[in-house]
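Engineer: model this:
(4 chains)
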Protein chains: 4
Amino acid sequence: MNGNRFGRLFQVTTFGESHGEAMGVTVSGCPAGLELSEERIQRELDRRKPGQSMITTSRGEPDEVSIKSGIQDGYTTGTPIGMVIQNKDARSGKYEPFVTAPRPSHGDFTYSAKFGTRNWGGGGRSSARETVNWVAAGAIAKEILATEDVEVKAHVNQIGDVEASDVTWEELVEHTEENEVRCADPETAQEMRELIDEYQEAGDSIGGSIYFEARGVPRGLGAPRFDSFSARLGQAMMSVPASSSFEFGLGRDAREYAGSNRNEDWQFDDDGVPEPVGNDHGGIQGGITTGQPVYGEVTLHAPTSIPKTQATVDWETGEEKEIQVVGRHDPVLPPRGVPVVEAMLALTILDFMLLAGRINPDRLDGKPGEYETEYHPRSPENVGEE
Amino acid sequence: MNGNRFGRLFQVTTFGESHGEAMGVTVSGCPAGLELSEERIQRELDRRKPGQSMITTSRGEPDEVSIKSGIQDGYTTGTPIGMVIQNKDARSGKYEPFVTAPRPSHGDFTYSAKFGTRNWGGGGRSSARETVNWVAAGAIAKEILATEDVEVKAHVNQIGDVEASDVTWEELVEHTEENEVRCADPETAQEMRELIDEYQEAGDSIGGSIYFEARGVPRGLGAPRFDSFSARLGQAMMSVPASSSFEFGLGRDAREYAGSNRNEDWQFDDDGVPEPVGNDHGGIQGGITTGQPVYGEVTLHAPTSIPKTQATVDWETGEEKEIQVVGRHDPVLPPRGVPVVEAMLALTILDFMLLAGRINPDRLDGKPGEYETEYHPRSPENVGEE
Amino acid sequence: MNGNRFGRLFQVTTFGESHGEAMGVTVSGCPAGLELSEERIQRELDRRKPGQSMITTSRGEPDEVSIKSGIQDGYTTGTPIGMVIQNKDARSGKYEPFVTAPRPSHGDFTYSAKFGTRNWGGGGRSSARETVNWVAAGAIAKEILATEDVEVKAHVNQIGDVEASDVTWEELVEHTEENEVRCADPETAQEMRELIDEYQEAGDSIGGSIYFEARGVPRGLGAPRFDSFSARLGQAMMSVPASSSFEFGLGRDAREYAGSNRNEDWQFDDDGVPEPVGNDHGGIQGGITTGQPVYGEVTLHAPTSIPKTQATVDWETGEEKEIQVVGRHDPVLPPRGVPVVEAMLALTILDFMLLAGRINPDRLDGKPGEYETEYHPRSPENVGEE
Amino acid sequence: MNGNRFGRLFQVTTFGESHGEAMGVTVSGCPAGLELSEERIQRELDRRKPGQSMITTSRGEPDEVSIKSGIQDGYTTGTPIGMVIQNKDARSGKYEPFVTAPRPSHGDFTYSAKFGTRNWGGGGRSSARETVNWVAAGAIAKEILATEDVEVKAHVNQIGDVEASDVTWEELVEHTEENEVRCADPETAQEMRELIDEYQEAGDSIGGSIYFEARGVPRGLGAPRFDSFSARLGQAMMSVPASSSFEFGLGRDAREYAGSNRNEDWQFDDDGVPEPVGNDHGGIQGGITTGQPVYGEVTLHAPTSIPKTQATVDWETGEEKEIQVVGRHDPVLPPRGVPVVEAMLALTILDFMLLAGRINPDRLDGKPGEYETEYHPRSPENVGEE
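Structural biologist: Numbers count the residues shown, from 1 in each chain, chains lettered A, B, ... in the order given. The predicted model follows:
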């Protein structure tokens, strides 16, 4: 309703502005018994954090997460997990010229139009800094998914007109983190890097896209129509800052396919279970997962903060004026967007799995020493029947 | 959660299967005082109903809506509006071969995998027949939006590789309903029609896409991030049966745009209000509407029901077999999808407007004779202050 | 939000006014495989329906339910169950005097104040006729609970100052339906009946209360605080028309108990599981069920429709006037409220059990002949791991 | 769903355990433009905090709130307000004996039964310490309500068998904070105090109740049935730790009233608006507010932490044992419960007012210097029409 909550059973609630005191996220609905540490979450935050390479903003944020609740002796307790990430390197002064003179294609005007005011430092609440919260929550989701052998990966598959070849799952796993662009096709990554450098040097920015894939997603997830797997994944991905398209399976290209071409016959798999012969459907049929890999793409438009001179108006003075959005900005979004897209994918899948009763609590290792007990209250034989 | 509810304040709840006794939809949160009749709703249903042309299924459904509640003397009362649409021309026998042998790329297998059973006649709950409910609810939404001068339109902008030229709002309004394809570009419509005929004659089907646009959408709608205007519209559009991509503004093409190219300077409009110089952003910046037209596209893949022989497996007998999905089917989805996409667009906008307090009850004409009274309980001077 | 929806996973959505064409309820989230018939639901509706005895309104409603969807071959399919109940004996004419002159302590004024209009026949949406929908939905809930050996019962434990003795579960089960008052204490039932007759003859009405109890409720249900078992049960019971108090366990009397008196020591039960030595806590500790019986009480104030002359004002004419609410009305609410309270109790428990994964689909018998298959898509060995 | 969220539009999300590092609450949906400071919130927290008198626990918590987001130049911005309150005086050691041996009538067993583990220090998540979050959120709600002249008050109206006389609104306002018991009837307050001292000295505790009242609540709030004003208020109040009954208006006593006695005739008020002649209905008719004061009561049972020796069992060792809950505990809950009940009342009313569009943004003073502008984006003439 208010835009800071995601998930039905695995619920994520966020707060924080780019230049506020801190970012924060409360995760509730996390099963009890998951081993969880700040270090584990930090690993994901480090993939998203600024200043990690020459093609990201140089803002110096350590993005250190502090867990405030929901953990006992290193294991989750099933109660809300509160996390806070301090903002440390905010320099709001540079944003003063934009208080009443909106930057082109930012949220400056729309936030002011909606609320009559806004936190303007660094873009305030409209900044993609918010996604640090998502990545923290997504890190927990990934850990739970891992207990069910569900994995999510993403990589940058296009920057400007430089398009990556199709990559295998193995390539995704192996190569994505090897280069700063986070493209699993190393040669294209190099080309992308050069293109980005060009735009950056020209005081400009460039768009791109992210391919995502999930393996091990159980079949039967999704509640058509309004809560179909694709509808909720669409909402998740269109929440990502700067996203302007969402596709799964054949996506946009499906418009040019004949039914006879796109349709996939059924065969039996090795276990005698029906499976489609191909996966043009992106792991989703009739809005419900088939058990094949779920995959798709999200387009992120070019960063709107560019040093080039642009025209705007000042609604206080009534004057037209020229501005330059100087500061520390990313020339391209997908490289840092990869962990964000993975987080939203993980959160979406986990939420559906919890709804379907597909997370097995016995696979969480969670009984720290203090609770070693003959009577384990939640064990099936004790809780099962009254 | 269960897939049959849409909307936060303007709430739509549906039931019904393709070959069940009836379809039904309950609308709650509709403001009181709206003049409403079954005829008004019927007008929209007739645009979606089967058998309307040679390129739609010949199933003979009158799709007559019956309003069961929520109306007094022709005006809405603010309480739930129950509507029922009888199914009259169901012939389930043809679906018996598919009970345990799923049709390629349908929801047969996934529904059975999810529930362990399914209503199989005509595809049951997975059938796009469900959208009759949406169009009925959307008809009410359109009426309310009209009181605020908000209009929604859609047309078919691509079938297979036949792409329509860009059309103006006026063309959308004028030409869309002139041809059976519902393409506002008459010449392309003819080409599309020929292409569809070709596929139909070949026992095949073909994909396509729908362009949608809304005018008069007030600025300030949307609650970034998870309830941004684009995220909720994405959910709405990805709910549409057979949709595999959602785009707004530049959409997928934005990945190839430089920031300097995509960014839009600000100017003052005639009233001295800031407005972007262009609308590559599709009426949404930072997840919030700008007041410019909202527009985008949805891809609908080719209908999966085709008479061509296809291979499947029977999970009861363990045998591989060949099937033909004979029956009465659409060779292409977008022409009947146009009113469905319009309905989801209208429902999404209205829901956000209600959340923002942007529906003015005084513009609803709704005081039938019986209520003519000196003391109008809800009038501001009476209700305003206690 | 709009008052016509209850439940998080087992979702009930209603429509209908007292003198409208029909009442309707959509149930979604019902597990697949439950044997379900209109007859089963009818049994519960008959307990609530008007005209069943001298102490209920004589309105002649057969209250026949028609299931429109969600069933295949007599078993639920997991998709929404639409139900419609026609209104047949509405006589709105008698309500015309009250259109602009509100009846004392009814919802006439508040509905008009909220909506600026209202359906006035028979009280419209404010009528307790709405609860026919709840009982229909509750009948389904009871069937599912039965597969887990959870039972709910209620009886009338007080009318005016006539209070029933405490009754055992066995007495509840055996005696409640034996008398028209639905009091499980037969002697008190007779006294209550006499008291009701007195009030009815005097053109008056009288208040009363309902005791409810649930057996077999598994421990561990409830999500403190805002979704604690008691908070959600409180919401459910305060939804019941005319309810003005909700209590569980010691309820209101707890204010006079010392901690040492109310606290319950722990002992081991026969299976070596900790259990409290008593049940003053009403089956709920810390907002979560303990596995002991859940019990409590709801007060229903006297029916507001009484034939005695009362004073009101006409907001159209500005005149003071006297009115008589003639017609067919109940002199007391609890006897017909018993199945309503049971329905809300069942819906609340079931919803929590679904959230906790405590409904075992294997206990639903639901595999009709047509689906007898070697490959049962939802069986654990097939769906469990991909 | 998970118990840490309250509110539909004014959304409160909490985290934290009694002996965890910090408590936290995120408020979203707060209108922009409200002047807000930590000092204002602190005033309410100080009314709830421990150690404020001899009849509260001596735990030394300053309960200092730190606002992390959602404020610009002292005014709310409409985006989420994150607040954190550090826990400073936790002494978990005393709780070690109870890890596997549950304290009588606490949530120790039920939390372990639900989650298979729990944070046990100080009761962890089951502790009433959680309510510090509610009071912080409620403080904001009260500030907004004040702009519409809505006020909420509560006082302790019964401790054990000592019952306060009925008090006027003026007495509530004037006397409640004058004594440590928070009873607005000073003489009874003294009696209550003596009774509490008795129990405390005896190593025991005692129950009690809180009367609440709200003035200025606009008529027309509430969405019967499931979201009626009374249903949602019931949920709110039954969320309060240790609550075992909720009543409004005549409450439980209504069961003994005749219709002719409880019914309230209608008269015109000074402005010619219909009003009931009395307020036995507690400001709510048909589930919707009438504009009269809303009032009711909540019972809080005796604190379960008492130093008396009690019996329990250890589920690890299988042994029966005796325990003493030593430590710093309240002998009675209502005195500190008063601000908690007020908070829940304020949150409930505000949420309904936002849903009804009854919060006028122009009454918020919120335009700090930086935003003084000729073009105020949200002003009606600018935002109203596009």
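
Engineer: Run a quick neighbour tally on A:Glu178.
Structural biologist: 12 (other CB atoms under 10 Å in any protein chain shown). For the C-beta atoms, the positions are set from N, CA and C on the backbone; glycine is no exception.

Engineer: That one is in contact with A:Pro186, isn't it?
Structural biologist: Yes: taking contacts as CB atoms under 8 Å, A:Glu178 lies within contact range of A:Pro186: 6.7 Å.

Engineer: Close to chain D: what parts of the stretch 201-350 of chain A are there?
Structural biologist: A:315-318 (CB under 8 Å from any CB of the partner chain).

Engineer: how about the residue of the stretch 201-350 of chain A found nearest chain C, what does it touch?
Structural biologist: Residue nearest to chain C within the stretch 201-350 of chain A: A:Gly291 (4.5 Å; CB to the nearest CB). Shown in contact with A:Gly291 (CB atoms under 8 Å, 6 or more residues apart in numbering or on different chains): A:217-219, A:275, A:283, B:113, C:386.

Engineer: Return the distance of it relative to B:Val313.
Structural biologist: According to CB to CB, to the nearest Å, A:Gly291 and B:Val313 sit 15 Å apart.

Engineer: how about the longest helix along chain A as PDB, C-alpha atoms only?
Structural biologist: Counting residues, the longest helix found in chain A (DSSP state H) is helix A:334-355. Taking C-alpha atoms only, helix A:334-355 is exported to PDB below (Å, rounded to 0.1, in the frame of the first residue of the first chain):
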ATOM      1  CA  PRO A 334      22.900  -3.300 -14.200                       C
ATOM      2  CA  PRO A 335      26.300  -4.200 -12.700                       C
ATOM      3  CA  ARG A 336      25.100  -3.200  -9.200                       C
ATOM      4  CA  GLY A 337      21.600  -4.200 -10.100                       C
ATOM      5  CA  VAL A 338      22.500  -7.900 -10.400                       C
ATOM      6  CA  PRO A 339      22.400  -8.600  -6.700                       C
ATOM      7  CA  VAL A 340      19.200  -6.500  -6.400                       C
ATOM      8  CA  VAL A 341      17.400  -8.600  -9.100                       C
ATOM      9  CA  GLU A 342      18.600 -11.800  -7.500                       C
ATOM     10  CA  ALA A 343      17.300 -10.500  -4.200                       C
ATOM     11  CA  MET A 344      13.800  -9.800  -5.600                       C
ATOM     12  CA  LEU A 345      13.800 -13.200  -7.400                       C
ATOM     13  CA  ALA A 346      14.800 -15.000  -4.200                       C
ATOM     14  CA  LEU A 347      12.200 -13.100  -2.100                       C
ATOM     15  CA  THR A 348       9.400 -13.900  -4.700                       C
ATOM     16  CA  ILE A 349      10.300 -17.600  -4.900                       C
ATOM     17  CA  LEU A 350      10.600 -18.000  -1.100                       C
ATOM     18  CA  ASP A 351       7.300 -16.300  -0.500                       C
ATOM     19  CA  PHE A 352       5.500 -18.700  -2.800                       C
ATOM     20  CA  MET A 353       7.300 -21.700  -1.300                       C
ATOM     21  CA  LEU A 354       6.200 -20.700   2.200                       C
ATOM     22  CA  LEU A 355       2.700 -20.300   0.900                       C
END
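
Engineer: Show me what it is packed up against.
Structural biologist: helix A:38-48, helix A:131-147, strand A:151-159, strand A:208-215, helix A:229-238, strand A:294-300 (3 or more CB pairs under 8 Å, 6 or more residues apart in numbering or on different chains; DSSP states H and E).

Engineer: who touches the next helix or strand along the chain from the shortest one?
Structural biologist: It refers to strand A:294-300. Later in the chain than strand A:294-300, the nearest helix or strand by DSSP states H and E is strand A:309-313. By CB under 8 Å, 6+ apart, the list of residues contacting strand A:309-313 from outside reads A:101-104, A:319-325, B:263, B:265-268, B:274.

Engineer: give me that answer again for 6 Å
Structural biologist: The contact list for strand A:309-313 (CB atoms under 6 Å, 6 or more residues apart in numbering or on different chains) reads A:101-102, A:104, A:320, A:322-324, B:265-266, B:268, B:274.

Engineer: With stretch A:58-66 instead?
Structural biologist: A:38, A:41, A:45, A:49-51, A:83-85, A:88-89, A:132, A:136, A:328.

Engineer: tell me which residues in it are buried?
Structural biologist: If you call a residue buried by 16 or more other CB atoms under 10 Å in any protein chain shown, then stretch A:58-66 has these buried ones: A:59, A:61, A:63, A:65.

Engineer: in what helix or strand does the second one lie?
Structural biologist: Which is A:Glu61. Short version, using DSSP H and E: A:Glu61 is in no helix or strand.

Engineer: And the third one, by the same measure?
Structural biologist: With elements taken from DSSP H and E, nothing contains A:Asp63; it lies in neither a helix nor a strand.

Engineer: if I look at it, how far off is B:Gln72?
Structural biologist: Computed with CB to CB, the distance linking A:Asp63 and B:Gln72 is 58 Å.

Engineer: any idea how far A:Ala231 is from chain D?
Structural biologist: A:Ala231 is 19 Å from chain D, where distance means CB to the nearest CB, to the nearest Å.

Engineer: ok, that residue - how many residues close by?
Structural biologist: A total of 26 residues lie near A:Ala231 under the criterion other CB under 10 Å.
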